[in-house]
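A.B. asks: build the 3D model from these lines:
(4 chains)
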Protein chains: 4
Amino acid sequence: MKVVVWNENRHEKTNAAVSTIYPKGIHGAIAEFLQEQGIDASTATLDEPEHGLSEEVLNETDVLVWWGHKAHEDVNDEIVERVYERVLEGMGLIVLHSGHFSKLFKKLMGTTCDLKWREDGEKERIWVVDPSHPIAEGIGEYFELEQEEMYGEHFDIPSPDQLVFLSWFEGGEVFRSGCTYTRGNGRIFYFRPGHETYPTYYNQNVQRVIRNAVEWVKPVTRNRPEYGHSQAIEDLSSKNKQ
Amino acid sequence: MKVVVWNENRHEKTNAAVSTIYPKGIHGAIAEFLQEQGIDASTATLDEPEHGLSEEVLNETDVLVWWGHKAHEDVNDEIVERVYERVLEGMGLIVLHSGHFSKLFKKLMGTTCDLKWREDGEKERIWVVDPSHPIAEGIGEYFELEQEEMYGEHFDIPSPDQLVFLSWFEGGEVFRSGCTYTRGNGRIFYFRPGHETYPTYYNQNVQRVIRNAVEWVKPVTRNRPEYGHSQAIEDLSSKNKQ
Amino acid sequence: MKVVVWNENRHEKTNAAVSTIYPKGIHGAIAEFLQEQGIDASTATLDEPEHGLSEEVLNETDVLVWWGHKAHEDVNDEIVERVYERVLEGMGLIVLHSGHFSKLFKKLMGTTCDLKWREDGEKERIWVVDPSHPIAEGIGEYFELEQEEMYGEHFDIPSPDQLVFLSWFEGGEVFRSGCTYTRGNGRIFYFRPGHETYPTYYNQNVQRVIRNAVEWVKPVTRNRPEYGHSQAIEDLSSKNKQ
Amino acid sequence: MKVVVWNENRHEKTNAAVSTIYPKGIHGAIAEFLQEQGIDASTATLDEPEHGLSEEVLNETDVLVWWGHKAHEDVNDEIVERVYERVLEGMGLIVLHSGHFSKLFKKLMGTTCDLKWREDGEKERIWVVDPSHPIAEGIGEYFELEQEEMYGEHFDIPSPDQLVFLSWFEGGEVFRSGCTYTRGNGRIFYFRPGHETYPTYYNQNVQRVIRNAVEWVKPVTRNRPEYGHSQAIEDLSSKNKQ
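C.D. replies: Alright, predicted model coming up:
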């Protein structure tokens, strides 16, 4: 299984607060903890040729992790289309935090994916609402992030196929923080935490969720279904003779 | 409540088989049976200015019924965007038959909406799988259409919020024929039947389903939620003082 | 449409704090605001013969509202079965607050319906997470109850068909507070608020939600499907001759 | 991972047609193909003490496969309760064919689980409607069973969390044949095929589905959530002082 962690990697270049927390970039931090658990994880970033997402790379990618924020518009439409097609073909996709507003996620959801937000360093408490779900394995009844950006409802997404986590915020909001979807042959997991100015991706629970999600979204081995004109399987000739 | 029945209205102009069945167009036939039940239903078609879907028209439309087939690409992207926004604002949408491949439906679903098809005049039997659903009210356990185009699985849609009807086809296929979704403030119903060369929209059961669906997708009275930066509701000052 | 509001009506008899708030009982308060909106609402209570839920009464009931708490075990199993059957036949059911632990709700859900709770008079903020849903019509983005009992996740229910409301609690918990289900021909809505020592059922938003829910769960007109042995619809004789 | 295949094992004792097809019983056939794929699978049957489902056995069981038909009523209520509790604790459950009418499945679903049926040796074609689902891995777009009992809609179940397979029957019916649910910490898969007088459980596709489902329903490692009275996580004292 090959995982590619994609990051726009722009905050890291311009904001010392971010590069201090994530000296190898958010992508580097995520790839690193996946590698430490024996996963073949590499990285790709916006400013590489083809954003690091050439057809060759994508064809060999089983799971793509996506982090973007201020440069969504700089992602080339052609690359978005390419990644989108790969998801429908079965590539697993994990969209993190501000990736909710990426072209890719909005295209897959069919909605604006808008939400309320506030950057005030408040506490987030993430509750497990589906204890049967493999993505929540190893997580207690809840876990806390002492400081995070707030994302609040209404979150303008389609009703999730499965709702795994709900967040409570100190300022009074709630949020559907762990949501699964299927699109074509592919499975998708959206996970809320991960503002760039907090060390969220070093949190053990956050790492465990992402690790679990990699396993959960990984592709099944199958071709895309055949679409288009299709011969009858049953004999329709008697009907036609009538 | 104002309903607008939209139709590309191209088959009717070029195929005598179609115009014989639907002398007032598919849109005319649908609007007529809705009007006979006391609904304020009008029509709009592709070749009208702005496809008959000006901002004025859409702002006053509670429910839009959509039929398209061979001219999906002729629908202007700007109009698609306009209708899409109205759905998110709450306008109900009923997508019929080959409308599955419209730009609008694909954008709302986030998938290709592809399927298997065959035009062989075979029998379709439509089963109610959710007898609690208002869209199925007045429909027996199943109803039949003696001749219809076949649509077969896999239907490349997101998992429906509610699955109301399943079709059985003589040639051996099945299909999820009645599917509901929500997107933003709007509700959507996809209904499979209605190939242009068969008198499907005169069928009493088909009419009843569309009539029920109009009622089911009609908007609730509410504004779009507020999105974007949001002040804390609870007092965060004690936290900040620490 | 006939609505019956059922209440165990025991706190009202033994706890002055409750009878002061609800001099006509919780059932009386709920029936009253429904009546004021033109709905034919009556009441039934545990200590009436057959708990006020005779076959005659139930056969004429379109929507049953259920409030129970400390006397769940006193509800006769035969009556539970009778109500259960009526729900499957199509009678709408609204289960309020501590009714989560009623025999009826547990039987319909297939789970323990257990949860965390705390009676500490804290604030609850109820957020709309499905703005397209008719049950949320007329409700702003959220509403608050200054003092309520806390119910917290994990709430041991099946994944709701539709999730309409989420609660935020001052003490740090979240809860899926508005959940819809279908069972047989019937529709069910669970709504969290309503501890007996707070004037929750006088709250305008709570009343609006219950009013909307009555409309949403009301039965469709249809018989139960036919089950059991069934003749083939298609001719299987050619097969049998082979 | 330990799998227990449970069978009432009554047809096998009284009907030569069944014992000829399944000389080791349906349970034996299923356990055998699982063992051949390296799974630790054993069997348990109705006429064993405690139906072969002692607390010791169940506590070590990760996945239970259930086949029953004519002796549902002979299953002891206490054992049903014991198995039910284990499912809520996380034990995976696969219910096969006529197990739809078992006390266990009905209790978990909250509905009658009734359906239409016909024993006429007709063809069943099982379509994959969720190509992203691991339970469908290795299965083509559809597979056929030349002779099976028909099960037809309406199938009186709650709306499945995930719908994986749909069946087409020669006689004109359709059926939701592969359905997933979660209950408490446990995951459940219902799979339709497997009438006792046909060699269905030797079919490679059927075996693959069951094999996949064993993997899919297997428990996550976690305790049941804590329910009941719960201290506030946040400090409510400032509120109480007011």
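A.B. asks: hey, let's count contacts and neighbours off CA atoms from now on
C.D. replies: Will do.
A.B. asks: tell me the SS of A:Pro131?
C.D. replies: Assigned by DSSP: H, G, I helix; E, B strand; the rest coil, the conformation of A:Pro131 is coil.
A.B. asks: could you check how far the residue most central in space within chain A is from chain B?
C.D. replies: Nearest residue to the geometric centre of chain A (Cα atoms, centre = their mean): A:Val95, 1.6 Å. The spacing between A:Val95 and chain B, counted by Cα to the nearest Cα, to the nearest Å, is 15 Å.
A.B. asks: I figured that residue hits A:Tyr190, correct?
C.D. replies: Yes - with contacts counted by Cα atoms under 8 Å, A:Val95 reaches A:Tyr190, the gap being 4.8 Å.
A.B. asks: anything in the longest strand anywhere in chain A near chain D?
C.D. replies: Taking DSSP state E as the criterion, chain A has its longest strand at strand A:116-128. No - residues of strand A:116-128 contacting chain D under Cα under 8 Å from any Cα of the partner chain: none, with a closest distance of 9.3 Å.
A.B. asks: chain C contacts on chain A?
C.D. replies: Of all the residues in chain A, those in contact range of chain C (Cα under 8 Å from any Cα) are A:125, A:127-130, A:141, A:153-155, A:159, A:162, A:166-168, A:170, A:172-174.
A.B. asks: same thing but 7 Å
C.D. replies: With Cα under 7 Å from any Cα of the partner chain as the criterion, chain A meets chain C at residues A:128-129, A:153-154, A:168, A:172-174.
A.B. asks: D:Thr111 versus the residue nearest to A:Ser132 when sequence neighbours are not counted, what's the distance?
C.D. replies: Counting by Cα to Cα, 6 or more residues apart in numbering or on different chains, the nearest residue to A:Ser132 once its immediate chain neighbours are dropped is D:Asn185, at 4.1 Å. Taken as Cα to Cα, to the nearest Å, the spacing of D:Asn185 relative to D:Thr111 amounts to 20 Å.
A.B. asks: what's the answer for A:Pro158, then?
C.D. replies: When Cα to Cα is applied, the distance between A:Pro158 and D:Thr111 equals 28 Å.
A.B. asks: again with A:Gly186
C.D. replies: Note on A:Gly186: its distance to D:Thr111, by Cα to Cα, is 32 Å.
A.B. asks: likewise A:Arg222?
C.D. replies: Using Cα to Cα, we find A:Arg222 at a distance of 35 Å from D:Thr111.
A.B. asks: cool, A:Gly110 as well?
C.D. replies: A:Gly110 sits at a distance of 34 Å from D:Thr111 (criterion: Cα to Cα).
A.B. asks: and A:Arg222 and D:Thr111? Which one has more around it.
C.D. replies: Between A:Arg222 and D:Thr111, counting by other Cα atoms under 10 Å in any protein chain shown, D:Thr111 is the more crowded of the two (23 against 17).
A.B. asks: now A:Phe191. Its backbone dihedrals?
C.D. replies: According to degrees, to the nearest 10, the main-chain angles of A:Phe191 amount to phi -130, psi 120.
A.B. asks: count the residues that sit near it.
C.D. replies: A count of neighbours around A:Phe191, defined by other Cα under 10 Å, yields 24.
A.B. asks: what of A:Glu55?
C.D. replies: 14.
A.B. asks: now A:Ala29
C.D. replies: Applying other Cα under 10 Å, I find that A:Ala29 has 19 neighbouring residues.
A.B. asks: contacting residues for it?
C.D. replies: Residues touching A:Ala29, when contacts are defined by Cα atoms under 7 Å, 6 or more residues apart in numbering or on different chains, comprise A:22, A:201.
A.B. asks: for the host helix or strand of it, what is the distance to the chain centroid?
C.D. replies: Element membership for A:Ala29, per DSSP states H and E: helix A:25-36. Taking Cα atoms, centre = their mean, to the nearest Å, one finds the center of helix A:25-36 at 15 Å from the center of the full chain.
A.B. asks: what does whichever helix or strand comes after it contact?
C.D. replies: Stepping forward along the backbone from helix A:25-36, the first helix or strand reached (DSSP H and E) is strand A:40-45. Outside of strand A:40-45, the residues within contact range by Cα under 7 Å, 6+ apart are A:1-9, A:27-28, A:31, A:34-35, A:51-53.
A.B. asks: neighbours of the nearest residue to A:His72 once chain neighbours are set aside, just the number please.
C.D. replies: Nearest residue to A:His72 in three dimensions, chain neighbours excluded: A:Ser102, at 5.3 Å (Cα to Cα, 6+ apart). By the criterion of other Cα under 10 Å, A:Ser102 has 22 neighbours.
A.B. asks: can you show me the strands along chain A?
C.D. replies: Counting by DSSP E, the segments of chain A that form strands are A:2-7, A:40-45, A:63-67, A:92-96, A:116-128, A:142-152, A:162-169, A:174-183, A:186-191, A:228-229.
A.B. asks: can you lay out the ones you listed as CSV showing distance to D:Glu119 and mean pLDDT?
C.D. replies: Listed next are these as CSV, based on distance: least, Cα to Cα, whole Å; pLDDT from 0 to 100:
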stretch, distance to D:Glu119, mean pLDDT
strand A:2-7, 48, 98
strand A:40-45, 52, 98
strand A:63-67, 45, 98
strand A:92-96, 42, 98
strand A:116-128, 45, 97
strand A:142-152, 50, 98
strand A:162-169, 37, 98
strand A:174-183, 36, 98
strand A:186-191, 38, 98
strand A:228-229, 33, 98
